[in-house]
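1. I would like the atomic coordinates for the input below:
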Amino acid sequence: MPSATLTYRKSGVDIDLADKLVDHIQKKAPAIGGFAGLFPLSLDGEGPWDLVACTDGVGTKLKLAFALDKHDTIGIDLVAMSVNDLICCGAKPLIFLDYYATGKLDLRRSKKIIAGIMEGCRQGRCVLLGGETAEMPGMYPPGEYDLAGFAVGVVNRRQVIDGSKIFPGDLLLGLPSSGLHSNGYSLARRIFNSPRDLSRWGKTLLTPTRIYVEEIAALQAAFRRAERIIVGLSHVTGGGLVENVPRILPRGRKAVFRKDAWKRPPIFDEIQRRGNVPEREMWRTFNMGLGLVIAIRPDSLDIARRALPEARLVGEIVEGRHEAEIV
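-> Residues are numbered from 1 along each chain as shown. Take a look at the predicted model:
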């Protein structure tokens, strides 16, 4: 075990500073929502509906794609990071747009990137409606590029999921992640930084982010038939459970997770061991094996399990400080 202790901040990412910027932006632009923003939409007597939009990128996971010259799945990550946010308010994804920027266009590589985006749209039940390809000589090192994505959807205003109906006694279900998804790579790359590491762990580290659109659509359909509701949804991205789940909690509500309730992928234990990463830092940086958290009423558990057999009962809501606690 290395003597030095690695943290996300030492890797160059300051979550606390980013939180302060988000707080500042939300004060300046109050319409900005949680995982996605909602805008009232008038459709001639139908609805009422809200237009829903969000945007995201892939982050430094791109650096692994460059190092391994593997570009066929990074587009799935791009779509996943946006559509998984979109469904957290109950929205149905409709369209996706991408922004692809590089110093010099490589047609072979570009076709693979677009193929991944198309596959992500298929999994996310949305249409790639357009995008922008920007060739900017001198802006990026040879062989590198950047990606951003934008998803738009719609939700009936009466069916918006915003966490306001979460109460003590509600249950928390977790859907497994496929690995790191697209977060924590600035830290992970500090640990897996040799050709030998990339040869052994590269495929695992590049496993694409799981898309949960079909699973949540199935649960919504099952709940509608049984007159049940999803009271909260949290996409577990940067900041892990401890940063993302409180985003959907009303004041006076606390989420308590039992970490022995699910099996976390071995890659997280490897990161912690090799990087001497503190336990708290692991939970604040990575998803730790849960990609999506669903809050439901206790009497909805059997229905939810039938609709989503892989869902695990991972915690519950209690009265208390506005936070997520791992026990």
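2. Go through this structure and flag its longest helix.
-> helix 107-123 (DSSP state H).
3. can you pull the alpha-carbon coordinates of that one into CSV?
-> Extracted as CSV, the C-alpha positions of helix 107-123 are listed here (Å, rounded to 0.1, in the frame of the first residue of the first chain):
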residue,chain,number,x,y,z
LEU,A,107,-12.7,10.1,-39.9
ARG,A,108,-12.0,6.6,-38.6
ARG,A,109,-12.1,7.7,-35.0
SER,A,110,-15.0,10.1,-35.5
LYS,A,111,-17.2,7.4,-37.0
LYS,A,112,-16.6,5.2,-33.9
ILE,A,113,-17.5,8.1,-31.6
ILE,A,114,-20.7,8.8,-33.5
ALA,A,115,-21.6,5.1,-33.5
GLY,A,116,-21.3,5.1,-29.7
ILE,A,117,-23.6,8.2,-29.5
MET,A,118,-26.1,6.5,-31.7
GLU,A,119,-26.1,3.4,-29.5
GLY,A,120,-26.5,5.5,-26.4
CYS,A,121,-29.5,7.2,-28.0
ARG,A,122,-31.0,3.8,-28.8
GLN,A,123,-30.6,2.7,-25.1
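4. looking just at contacts, which helices and strands does it meet?
-> Packing partners of helix 107-123 (3 or more Cβ pairs under 8 Å, 6 or more residues apart in numbering; DSSP states H and E): helix 74-86, strand 92-102, strand 127-135, strand 145-156. Every residue, glycine included, has its C-beta placed from N, CA and C.
5. any idea of the mean pLDDT for it?
-> For helix 107-123, mean pLDDT rounds to 98.
6. Poorly predicted segments of the stretch 1-150 of the chain, please.
-> Low-confidence segments of the stretch 1-150 of the chain (pLDDT under 70): 1-3, 6, 8-34, 43-47.
7. Of the helices and strands packed on helix 107-123, which stretch is the most buried?
-> helix 74-86 (a mean of 28; mean count of other Cβ atoms under 10 Å).
8. Which other helices and strands does that helix contact?
-> Checked by 3+ Cβ pairs under 8 Å, 6+ apart, helix 74-86 has strand 46-57, helix 61-68, strand 92-102, helix 107-123, strand 145-156 packed alongside it.
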